[in-house]
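J.: Provide a 3D model corresponding to the input given below.
(chains A and B)
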Amino acid sequence: MTARIGVLALQGAFREHRAALERLGAQVTEVRLAADLDGLHGLILPGGESTTMARLMTEYALWEPLRAFHARGRQLWGTCAGAILLSGEVQGAPPQFGRQDSLGLLDVTVQRNAFGRQIDSFTTGLDVRGLTGAFPAVFIRAPAFARVGEGVEVLSEYEGQAVAVRQGRVLATAFHPELTGDDRLHELFLQGCLTPA
Amino acid sequence: MTEATTGTPALKQGFAEMFKGGVIMDVVTADQARIAEAAGATAVMALERVPADIRKDGGVARMSDPKMIKEIIGAVSIPVMAKVRIGHIVEAQILQALGVDFIDESEVLTPADDQYHILKHDFKVPFVCGAKNLGEALRRVGEGASMIRTKGEAGTGNVIEAVRHARTVLGEIKHIQARPAEELMTVARDLQAPYELVRYVHEHGKLPVVNFAAGGVATPADAALMMLLGLDGVFVGSGIFKSDNPERRAQAIVKAVTHFQNADVLAEISEDLGAPMTGINIDDLIPAERLAARGW
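T.: Residues are numbered from 1 along each chain as shown, chains lettered A, B, ... in the order given. Below you'll find the model as predicted:
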């Protein structure tokens, strides 16, 4: 069976995810409006700017349809900004934002820009639970999961901070697998999408 | 776990990828930066005067006061970019020391060097540079630029030059793709571009880095047009804060870049935005007033 996967295409590095998924034989849809979610097995929320994506999700009423998509047993994976959008609570937004909106599908508190500004962005080899051998992790103004709830499995840590987590059908990584050409995490995600919930 | 590395081309170009489908807005105060962030900007460009005012005021336009850049960095959570004069290595070192996330080596400021651009490989912070054609774009990438933008004609509110530069670069890319491999060295000679980068374009049909629109975007329709032509995102300079209702216009341009293929959405968001910036007819500019001619 071919997996039908959506990539949230409001802003950011959605084309790279698309390319990785297509390399693995998935059928990919770019999601900009709620109607685009119909018939999909899973959805990737890409990297980019979380404040930009959150604003567009509010403007085009995507929050509830995405929560409903999850409730229907579909898989979700957020990378970097996408991970912020999935989280229960967001820290590091400027005060004028008040509380930054998020989907609340992952029982974590995410800290934006946890490793500093662009000048501090880095790559490193990372051990990720479920993968054999180090994963080339690209951290760009990356967030980290500062608090991780009880039902959340930590798949990887960097300098004592959780940077890859999973809770049921929701996967989140603070780094950017789509920029590396290493498709192992995309493969893992696709397997999950095709396993009955 | 292996050692962490910073400042690599992959990190600089990867960061540039994150701006795609987004709008980078010129701001001159922390308040404007907050408005831009709330409207959905993916980054702000901190500068002392928007291009329209630089045109009006004349004189030498330089890097902004670090105090003002620091205020803007402190005011928002999105990336902050800032401009240096073409060839001004020390202004770039200062911006890197301030923690600016991206440097624009920009023809909008008065050039510091009429021969040489900055060797951008020497910096950990990524650079964006303007280009009018493919040869210029590839020379800048050869020097280490992580993002290319059209030069357009900044501060005019007139999109014609940005369209011209976008069509030129994208047309030249298509032309190179159609050439047989043995002709590429001659193509490189004619373009005055690095051979390896010409080969990259031949193979991939695109620039090695992201390619944005800049210089004259004033309306949501302008922004959507640049996306439709095939660019990755949009810089808006004077177009927002020189218009009647910056907040509404900023929000509308952000939406236009995401929904550029959806005319129903574009029709809705283009409504009732108040007057855009007045704009200048390019033919009325004397050659010395054409910023795109700066740099080579």
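J.: quick one, longest helix in chain B?
T.: Using DSSP state H to define each element, chain B has its longest helix at helix B:160-177.
J.: in it, what counts as buried?
T.: Going by neighbour count (16 or more other CB atoms under 10 Å in any protein chain shown), the buried part of helix B:160-177 is B:Glu161, B:Ala162, B:Val163, B:Arg164, B:His165, B:Ala166, B:Thr168, B:Val169, B:Leu170, B:Glu172, B:Ile173, B:Ile176. Where you see a C-beta, it was placed from the backbone N, CA and C, and this is true even at glycine.
J.: Can you give me the distance of the residue most central in space within chain A to chain B?
T.: Nearest to the geometric centre of chain A sits A:Gly78, at 0.6 Å (CA atoms, centre = their mean). If you measure A:Gly78 against chain B using CB to the nearest CB, to the nearest Å, the figure is 14 Å.
J.: which parts of the next helix or strand after the longest helix of chain B are buried?
T.: Where DSSP states H and E defines the elements, the next helix or strand beyond helix B:160-177 is helix B:184-191. Within helix B:184-191, the residues scored as buried using 16+ other CB under 10 Å are B:Leu184, B:Val187, B:Ala188, B:Leu191.
J.: Any part of the next helix or strand after helix B:184-191 near chain A?
T.: Next along the chain after helix B:184-191, taking DSSP H and E as the criterion, comes helix B:195-204. No. Using CB under 8 Å from any CB of the partner chain, helix B:195-204 stays clear of chain A, coming no nearer than 11.8 Å.
J.: List just the nearest of the buried residues of helix B:184-191 to A:Val170.
T.: The closest of the buried residues of helix B:184-191 to A:Val170 turns out to be B:Leu184 (CB to CB; 47.1 Å).
J.: Not counting sequence-adjacent ones, nearest residue to that closest one?
T.: B:Val198 (5.2 Å; CB to CB, 6 or more residues apart in numbering or on different chains).
J.: show me the contacts for that neighbour.
T.: Listed by CB atoms under 8 Å, 6 or more residues apart in numbering or on different chains, the contact set of B:Val198 reads B:Leu138, B:Ile176, B:Leu184, B:Val187, B:Ala188, B:Leu191.
J.: what do you get for B:Leu184?
T.: Applying CB under 8 Å, 6+ apart, we find B:Leu184 in contact with B:Ile176, B:Tyr195, B:Val198, B:Arg199, B:His202.
J.: Excluding chain neighbours, what is closest to the last one?
T.: Read it as B:His202. Closest residue in space to B:His202, ignoring its immediate chain neighbours: B:Ile176 at 5.2 Å, by CB to CB, 6+ apart.
J.: you'd agree that neighbour is up against B:Val201?
T.: Yes. Here B:Ile176 lies in contact with B:Val201, judged by CB atoms under 8 Å, at a distance of 5.2 Å.
J.: Give me the common contacts of the two.
T.: B:Leu134.
J.: Run a quick neighbour tally on the closest residue to chain A within the stretch 101-250 of chain B.
T.: Closest to chain A within the stretch 101-250 of chain B is B:Asp101: 4.0 Å, counting by CB to the nearest CB. When neighbours are defined as other CB atoms under 10 Å in any protein chain shown, B:Asp101 has 21 of them.
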